[in-house]
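Trainee: below are the sequence and a predicted model; questions follow.
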Amino acid sequence: MMNRLKEGERLDDLQVKGYEIIQHPGRFCFGMDAVLLSSFAKVKRRERALDLGCGTGILPILLEAKNEGSYYAGLEIQEESADMARRSICHNRLENKIEIITGDIKEAAKIFGAASFEVITSNPPYMIEEHGLKNEMDTQYIARHEVLCTLEDILRESAKILKPKGRFYMVHRPFRLAEILAGMNRHGIEPKRMRLVYPYVDKEPNMVLVEGMRGARPRMTVEPPLVVYEKDGSYTRELLRMYGRNL
């Protein structure tokens, strides 16, 4: 494995099926939002799933570990991140299940074709471009801000790529929830399920998980809140289960 690691990279244990992922502390490393989304999304037997903006491949790898889908793909515009994802996939011997494609989300439908996937996931940049310090060459800035793609790009391309009744899963920030739901409706992805994530039981939510279905009838289920931390700062039992801890 050492020949797959480049200078400054590390190998992190994903706590599921013995899988590991290559990351670089100086680039964008995956966070809790990816773990939550991988537990919220469902890929059924023989289904194909695509992650838009896959970074170093965390979601395709976790989705493969937790589901029975036949094929998983990731689309990533930054070649260095895509290269790390491919090396992680080789390290975990998942070449026959997961494929990473370098490309632009704005061109996703042209890359993959219309109605080609049953499931799409996305852990997109949360902030609009003008928020924060701007450095378009900074991979962490690109991962957090809508520099190379917008929410509109993701929803538009997802609507084209999803098969009829295909499912769309996203993790985002609650302050953009109205925009997310309106955009999903505008593109024919009906919101079907939502769950708010709270850091502590007495704090405001800081993440939201949303599921939509292409061409479905209106009716949305709001699931019980997900609380991350106990009062003493330790993870709740549900969070520990999501991280693969046996309780």
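Mentor: Right, received. Where do you want to start?
Trainee: beyond the helix or strand bottoming out on mean pLDDT in the chain, next helix or strand please.
Mentor: Lowest by mean pLDDT, DSSP states H and E among the helices and strands of the chain is helix 139-144, with a mean of 50. Per DSSP states H and E, the first helix or strand lying C-terminal to helix 139-144 is helix 151-161.
Trainee: in that next one, what's buried?
Mentor: For helix 151-161, the neighbour count (16 or more other CB atoms under 10 Å) marks 151, 153, 154, 155, 156, 157, 158, 159, 160, 161 as buried. Placement of C-beta: from N, CA and C, glycine included.
Trainee: contacts for it, please.
Mentor: 50, 52-53, 105-109, 112-117, 120, 122, 124, 168, 170, 172, 176, 179-180, 183-184, 186-189, 214 (CB atoms under 8 Å, 6 or more residues apart in numbering).
Trainee: out of these, which are inside strands?
Mentor: 50, 52, 117, 120, 122, 168, 170, 172, 189, 214 (DSSP state E).
Trainee: now distance to residue 29 too, for these, in a markdown table please.
Mentor: Listed next are the ones in strands among the contacts of helix 151-161 as a markdown table, based on distance: CB to CB, whole Å:
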| residue | distance to residue 29 |
| --- | --- |
| 50 | 22 |
| 52 | 19 |
| 117 | 26 |
| 120 | 23 |
| 122 | 18 |
| 168 | 25 |
| 170 | 20 |
| 172 | 19 |
| 189 | 29 |
| 214 | 32 |
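Trainee: the residues you listed: which two are farthest apart?
Mentor: Spatial extent of the ones in strands among the contacts of helix 151-161 (CB to CB) is set by the pair 117 and 172 at 19.9 Å.
Trainee: which of the helices or strands spans residue 60?
Mentor: helix 58-66.
Trainee: and the contacts of that helix?
Mentor: 14, 16-17, 19, 21, 30, 34-35, 37-39, 41, 43, 49, 51, 54, 69, 72-74, 85, 88-89, 92, 94, 97-98, 100, 121, 123.
Trainee: at 6 Å instead, please
Mentor: Applying CB atoms under 6 Å, 6 or more residues apart in numbering, the contact partners of helix 58-66 are 16-17, 19, 30, 34, 38, 43, 49, 51, 54, 72, 74, 97-98, 121.
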